[in-house]
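any chance you could fold what I've pasted below:
(chains A, B, C and D, ligands or ions: 2)
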Amino acid sequence: MSRAGNLSLVSPRIGVVTFPGSLDDRDALRAIRLAGAEPVPLWHGEKWLSDVEAVVLPGGFSYGDYLRCGAIARFSPAMESIIDGARNGMPVLGICNGFQVLCEAHLLPGALIRNDHRKFVCRDQRLRVENADTAWTGCYQQGQEIVVPLKNGEGGYVADQRTLDELEAEGRVVARYVGDNPNGSYRAIAGISNPEGNVVGLMPHPEHAVEELTGPSTDGLAMFSSVLQSLVATA
Amino acid sequence: MTVRQQASVDTVELAAKSPDQPQPFAELGLAKDEYAKIKQILKRRPTSSELAMYSVMWSEHCSYKSSKVHLKQFAEKKPAKASGEKDILLVGMGENAGVVDVGHGLAVTFKIESHNHPSYVEPHQGAATGVGGIVRDILTMGARPIAVMDALRFGAADAPDTARVLPGVVSGVGSYGNCLGLPNIGGELSFDPSYLANPLVNALCVGVLPADGIKLAKADGPGSKVVLFGARTGGDGIGGASVLASASFESEGERKRPAVQVGDPFAEKVLIECCLEIFAADLVTGIQDLGAAGLSCATTELAAAGTGGMDVDLDLAPLRDESLVPEEILMSESQERMMAVVAPDKLEAFLAICTKWDVNATVIGTVTDTGRLVMRWHGQQIVDVPPRTLAHDGPVYQRPIRRPYDQDALNGEHGNGLPRPKNGDQLRAAALALIGSPNLADKSWVTDQYDRYVLGNTVLAQPEDAGMIRLTEDGPPLGIALSVDGNGRYTRLDPYAGAQLALAEAYRNVATTGARPLAVTNCLNFGSPEDPAVMWQFSEAVRGLADGCQQLGIPVTGGNVSFYNQTGNTAILPTPVVGVLGVIDDVAKRTPMALNGDGAQLYLLGETADEFGGSEWAHVVHGFLGGRPPKVNLGREKLLADVLIQASADGLVEAAHDVSDGGLFVAVAEACLRGTSGVRLEVPDGADPFVFLFSESAGRAVVAVTRSQEAALVELCTASKLPAQRIGMVDVLESAIEVLGQFRLPTSELRTAWAATLPALFG
Amino acid sequence: MARVVVDVVMKPEILDPQGQAILGALTRLGIEGVNSVSQGKHFELDVDDDLDDDTLTTLADTLLANPVIEDFTIHR
Amino acid sequence: MARVVVDVVMKPEILDPQGQAILGALTRLGIEGVNSVSQGKHFELDVDDDLDDDTLTTLADTLLANPVIEDFTIHR
Ligand SMILES: Nc1ncnc2c1ncn2[C@@H]1O[C@H](COP(=O)(O)OP(=O)(O)O)[C@@H](O)[C@H]1O
Ligand SMILES: [Mg+2]
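Ligands and ions are numbered 1, 2, ... in the order given. A predicted model of the protein is given here:
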């Protein structure tokens, strides 16, 4: 991207968008820092993305999750630039509410609906990485099982059969729940990508599993190292 | 909508001219002599707006008129600090929340508050707005809220109404806290038939701020602007004002006012970020949240604590419902509102930040030095009062106190005759019954609905003994720990001891994680203060708590009183809920509760006596309440805490868990189920297995210590003169708790009994 | 079998944060001419023809709506 | 000013957990004769009289409903 020339000298800048009601923005910034990149806070109202090379849409309840999760946030000025960037190959990770925003913005297919048990659920969740080839999963092994927090009220991934089959066939199911399906997601899908693999949406929270002291594991860190690696590789 | 008749607004002028006009003071909850006192203060009858303000400000809820005389013990018995020691209490009782200095330039503020009755009427919204209210109190001190906790009590677990109230309360606490991005790090959940139509929903919030960044509720500097910001004012929580409205607006027809306040956590989240940006830029001289008594309270308290006067133009208050009359605007309890006092040269910057966050902000008045709070409506003066008379000089009652007639009988029925388990099989059955009983069963059905990870600083959360939060990421590894505890049955048996036992348990829980207890908050949930027997319970509990805090050397920084928790003449179990805050210098050294390490030796610190009064065993197995609660020994609690803190700092113990409800067996089972190992327990020589396993003697904890540290731990206990006894070991190959010579209980069976209860009840 | 529709709306005097948020979004989207929005629930039920009105009302009152804060209308 | 109602329902092929839960509750309450329940959203808008149908459709299609999983009807 624009700063590719001197990437080997400076660490890549990765942005985290704060929408009104974003909650895990600080956590995402921390995870980016711990992975060795330069975290850059972005404000939803600014179209200018401050020269970042990748973007994380964090978890939370943007606009209170009123109407539908992510439905209102996707119309922000920052999202316009992110949609353009994503179409041009910029890595974008949407976590939880960020995943919902990506679906609402049609950067990813399908939608996320109320958990089948209709309760918010917060727990340490085991996942299987089904595709270690995206911009955000390169540092994992194919099939690796990881444990990261899951916390959502509307995390049930749904799409029509054709879309689901297509996602499976193209290897775009990035992560799947192992064990009990925590929210009724179709085919136990925890995360998916676009066909190019630069845009990934994930319901569980890798940014909450980056420190021994505060997370159930440090399995989430590789998600952020992955994008760093992919940015440096394409530099 | 009917057109309002402006002419009928009751003005100061009118009030002076019509001294004998009858006013509905009794309907507003004011006593005859209280009304007379208002007239005496104003030297005329109050206008209906003034009457509205006095009625809410002088209500039990806002004025603490029945509890004040007792609560002052918390200040009078404030622990003396050793010479040369600096006072950690930066702000004490009386402000929105107390503030304690935790060192390194940081301060922490915390408080617990009840939202009991609203949670019975509409469980989800009642609990949600309870969380919202306490979070605003913490924010108001200038702090960033960093965690919440919730202490909950419901009627019998299998009562039909509990199935309505509990899920709603839990989803309300969860949705509001989760949406604000505040980790829920602990709380309480228990059941007793006395809470059936009187559930207790006590919410705690803790925040962190720079020690020199404390904000206070005062309107200083004549000429400063009074800004109302956040949500618009609607007709929420003003049922009482209807008598005023109907008195002055005969032609109004039927007026609809909401019976329930609906919370908007999104609005509050935005308000928090907006306020923190405003604080960081140092743009306010004073700030107050709008809680109970809304604008009446915010304006009078700000004015009373500041230069002394304020002029307010009530027409400027942004309304959600244009049909509101001044009396209603003044009493409205609409959520998510704040009031700030801003110097004129800072106003523009203040409003710019509000605009950035899409927060509605309106200047509605000016600070004056007249000593009067004056309000106008449609150009007419409707309020002219000395603000102190509302905020501070409310009525104070010394309510009659009488020991309950049945107290002696209750204490006399010691229950020593209750049949006890006699052999291994019977002990095993009792163990299973206890671990699966609603009060002791796995609480994850509740706590899994709460986000405990957000903000990324949660070091410990439920089901650990205390929640623990890291305070800084780049500074020193400083952390705080918090626990809330209460036991209505103990308090019923002996309110003085019951309050101290609640304090002791919270104190012990904090120390168990390795943190040093520092300060106390409390929420006192009782029946009607007009019942002398309830008032006796209350006064004894307060005395016990104040004495206890003095002995333990930790000050009470604030709290909340909730009276009238009763159905007909039957009050709830008296329930003081105590929150203790502690600090830990290095969060990496915290002691968790899970038993994992193979070969670790289990030690019981403290002593076990035959104490079953008010116990879970008596409650679960025999449905019995009588006798005396466990003996309180605060000196011993202090010793135990010192050892636990030292052991954590020196890295002597792998795990620790306090012993409380259900006794030693339940403590060991909880620690075992939190980890992955089995446990072998040995009943000490000469001990009665039943007493050893299930007695609820206070002042005890179980610790797991590796062989290499065992000698050091024993030495520490000996040096401290704290009894310590080896009671067994952790065994990774074993998948059971085996009580040698008595019974063996596979962890799978134990886990099933423990985990199945709440899902079976609540879905 | 008959189709019954039950619409549930917030009582007018109760705060409707969702409606507020949607109205705000409309402004940002540049859509003009909408002065207020409120969000409620819309239930569609397939019921036996002989299900009586009283049962329907009980059902709406206890399960579909929260009468403390919501009003409902049944369209049969 | 005119009142417009927009009803949004889940597409039939998408699972509706809330509808299912209500159906389950009905059975537990012993209410018979209800064969299916689905839960959607009901919006009431106050709009200017001259707001055209196209704008309303855009509004429903882009904001009020998510066409990936939901269908809507506008009642003017
Ligand atoms: N309503 C609740 N909200 C959050 N945490 C809770 C709640 N109820 C219980 N907990 C947590 O569950 C654990 C066990 O509770 P409890 O047995 O009351 O602890 P203890 O008796 O040791 O104080 C504690 O960590 C407590 O904080
Ligand atoms: Mg404990």
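
and chain C, which residues reach chain D?
C:1, C:7-9, C:22, C:25-26, C:29, C:31-48, C:50-51, C:55, C:58-59, C:62-64 (CB under 8 Å from any CB of the partner chain). Yep, even glycine has a C-beta here, placed from its N, CA and C like the rest.

where exactly do the strands run in chain A?
A:13-18, A:38-43, A:54-57, A:92-95, A:111-113, A:121-129, A:145-152, A:156-158, A:173-177, A:189-193, A:199-202 (DSSP state E).

returning to that earlier point: which members of the residues of chain C next to chain D occur in helices, if any?
Applying DSSP state H to the residues of chain C next to chain D, the entries found in helices are C:Ile22, C:Ala25, C:Leu26, C:Leu29, C:Thr55, C:Thr58, C:Leu59.

how about those residues in a markdown table, adding pLDDT and distance to B:Tyr64?
Listed next are these as a markdown table, based on pLDDT from 0 to 100; distance: CB to CB, whole Å:
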| residue | pLDDT | distance to B:Tyr64 |
| --- | --- | --- |
| C:Ile22 | 91 | 42 |
| C:Ala25 | 86 | 44 |
| C:Leu26 | 88 | 46 |
| C:Leu29 | 81 | 49 |
| C:Thr55 | 90 | 50 |
| C:Thr58 | 90 | 44 |
| C:Leu59 | 90 | 45 |
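
which one of these is nearest B:Ser332?
C:Ile22 (24.1 Å; CB to CB).

stretch B:283-303: how far from the chain's middle?
Put simply, stretch B:283-303 sits 21 Å off its chain's centre (CA atoms, centre = their mean, to the nearest Å).

so it, near chain C or not?
No: Stretch B:283-303 stays clear of chain C (CB under 8 Å from any CB), getting no nearer than 14.1 Å.

just the C-alphas of that stretch, formatted as CSV.
Taking C-alpha atoms only, stretch B:283-303 is exported to CSV below (Å, rounded to 0.1, in the frame of the first residue of the first chain):
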residue,chain,number,x,y,z
LEU,B,283,-13.7,21.8,31.9
VAL,B,284,-16.0,21.5,34.9
THR,B,285,-16.0,23.1,38.3
GLY,B,286,-18.6,20.8,39.7
ILE,B,287,-20.7,17.9,38.4
GLN,B,288,-23.7,15.9,39.6
ASP,B,289,-25.6,12.9,38.2
LEU,B,290,-29.3,13.0,38.1
GLY,B,291,-30.6,10.0,40.1
ALA,B,292,-33.5,9.8,42.5
ALA,B,293,-35.2,13.2,42.7
GLY,B,294,-33.6,14.2,39.4
LEU,B,295,-33.3,18.0,38.9
SER,B,296,-34.5,18.8,42.4
CYS,B,297,-31.6,16.9,43.9
ALA,B,298,-28.9,18.0,41.4
THR,B,299,-29.7,21.7,41.6
THR,B,300,-30.1,21.8,45.4
GLU,B,301,-27.0,19.7,46.1
LEU,B,302,-24.8,21.6,43.7
ALA,B,303,-26.0,24.9,45.0
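
any chance of the strands of chain A in CSV with mean pLDDT as columns?
Output for these, formatted as CSV (pLDDT from 0 to 100):
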stretch, mean pLDDT
strand A:13-18, 98
strand A:38-43, 98
strand A:54-57, 98
strand A:92-95, 98
strand A:111-113, 95
strand A:121-129, 98
strand A:145-152, 98
strand A:156-158, 96
strand A:173-177, 98
strand A:189-193, 98
strand A:199-202, 98
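
reformat these as CSV; add mean neighbour count.
Output for the strands of chain A, formatted as CSV (neighbours: other CB atoms under 10 Å in any protein chain shown):
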stretch, mean neighbour count
strand A:13-18, 25
strand A:38-43, 18
strand A:54-57, 30
strand A:92-95, 30
strand A:111-113, 25
strand A:121-129, 21
strand A:145-152, 23
strand A:156-158, 24
strand A:173-177, 23
strand A:189-193, 28
strand A:199-202, 28
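
apart from its chain neighbours, what residue comes closest to B:Ala217?
Among residues not flanking B:Ala217 along the chain, B:Gln288 sits closest, at 4.1 Å (CB to CB, 6 or more residues apart in numbering or on different chains).

repeat for B:Leu418
B:His622 (5.0 Å).

retrieve the pLDDT associated with that neighbour.
Looking at B:His622, its pLDDT is 96.

neighbours of it, just the number please.
Look at B:His622: counted by other CB atoms under 10 Å in any protein chain shown, it has 15 neighbours.

do C:Asp49 as well
For C:Asp49, using other CB under 10 Å, the count is 7.

burial measure for the closest residue in space to it that isn't next to it in sequence, as a count.
Of all residues not flanking C:Asp49 in the chain, C:Ala2 sits nearest, at 5.4 Å (CB to CB, 6+ apart). A count of neighbours around C:Ala2, defined by other CB under 10 Å, yields 11.

can you check C:Val37 too?
By other CB under 10 Å, neighbour count at C:Val37 equals 26.

may I ask you to confirm that it is in contact with C:Leu26?
Yes: at 7.3 Å, C:Val37 counts as touching C:Leu26 under the criterion of CB atoms under 8 Å.

return the set of buried residues in stretch B:471-482.
Of the residues in stretch B:471-482, B:Leu471, B:Pro477, B:Leu478, B:Gly479, B:Ile480, B:Ala481, B:Leu482 count as buried by neighbour count, 16 or more other CB atoms under 10 Å in any protein chain shown.

oh, I was asking about stretch B:624-632
For stretch B:624-632, a neighbour-count test (16+ other CB under 10 Å) marks B:Phe624, B:Leu625, B:Gly626, B:Gly627, B:Arg628, B:Pro629, B:Pro630, B:Val632 as buried.
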